[in-house]
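S.K.: when you get a sec, could you give me coordinates for this:
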Amino acid sequence: PAAITALYSGFVATPYYVSEARLAVRESLGDRATPDDGSDGTRGAVAGIVRGLSSLLGGLGQSAQSQAPFILTNYLMSRDYVAKLDRDGWLRAFFSGPGIDRLSRLPVDATREDVWRYWTRHVTAAVDRRSEIVLLRVRAFSARDAQLLAERVVEDGEALLNDIVVKSRAGSIQRAREQLDRARIRYE
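M.R.: Numbering: from 1, shown residues only. As a prediction, this is how the structure comes out:
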């Protein structure tokens, strides 16, 4: 078995290339004014008020922010995300090429489940619990393909997190308006 493995690895197997990205997920609720930006500090004060109100009203506080890396990793490893990438055969093109050996290649007639299993063997996303940094590793059969896949995954992850932040802020504003309306009615 060792000799067969050595022959396969040395002469038949297509080499892997790995692209790695480390993503620090940070959520910002406004611009902080700095002394050199020529402002009077008003924007920084407003940002502080918005940040405080958001945490009081159930916005993206510390607990939701600390969940963001886990939301991201779960999404990137999900069947839905893989189906989205492979909707038009885009993902299969990276793993089904003619230059890839038969044992490593994704079959052309692979089902969605097969594509997802293949994805989980070639892409990993994990969260470092202490720093809350997402570590992404993409293995492909060329350096260019590994980099393209990693860039696409990072872009899609950013879009997902931005969408979550926008929806969370809209929800916080809506709750604040409702509370303001109730307080106004009580006051009147």
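
S.K.: can you count the residues close to residue 77?
M.R.: Neighbour count for residue 77, taken as other Cβ atoms under 10 Å: 16. C-beta coordinates here come from the backbone N, C-alpha and C atoms, glycine included.

S.K.: give me phi/psi at the nearest residue to it once chain neighbours are set aside?
M.R.: Excluding the flanking residues, the one nearest residue 77 by Cβ to Cβ, 6 or more residues apart in numbering is residue 125, at 5.7 Å. Backbone geometry at residue 125, expressed as degrees, to the nearest 10, gives phi -140, psi 120.

S.K.: my guess is residue 125 contacts residue 71. True?
M.R.: No. Checked against Cβ atoms under 8 Å, the pair residue 125 and residue 71 is beyond contact range at 11.1 Å.

S.K.: spell out which residues are contacts of both of the two.
M.R.: The contact sets of residue 125 and residue 71 do not overlap (Cβ atoms under 8 Å, 6 or more residues apart in numbering).

S.K.: the more surrounded of those two?
M.R.: With neighbours defined as other Cβ under 10 Å, residue 125 and residue 71 compare such that residue 125 has more, 21 against 15.

S.K.: residue contacts, that one?
M.R.: By Cβ under 8 Å, 6+ apart, residue 125 lies in contact with 72, 73, 76, 77, 134, 135, 136, 137, 153.

S.K.: hey, what's it bridged with?
M.R.: Beta bridges link residue 125 to residue 136 when assigned by DSSP bridges.

S.K.: distance check, it against residue 4.
M.R.: Relative to residue 4, residue 125 is positioned 33 Å away (Cβ to Cβ, to the nearest Å).
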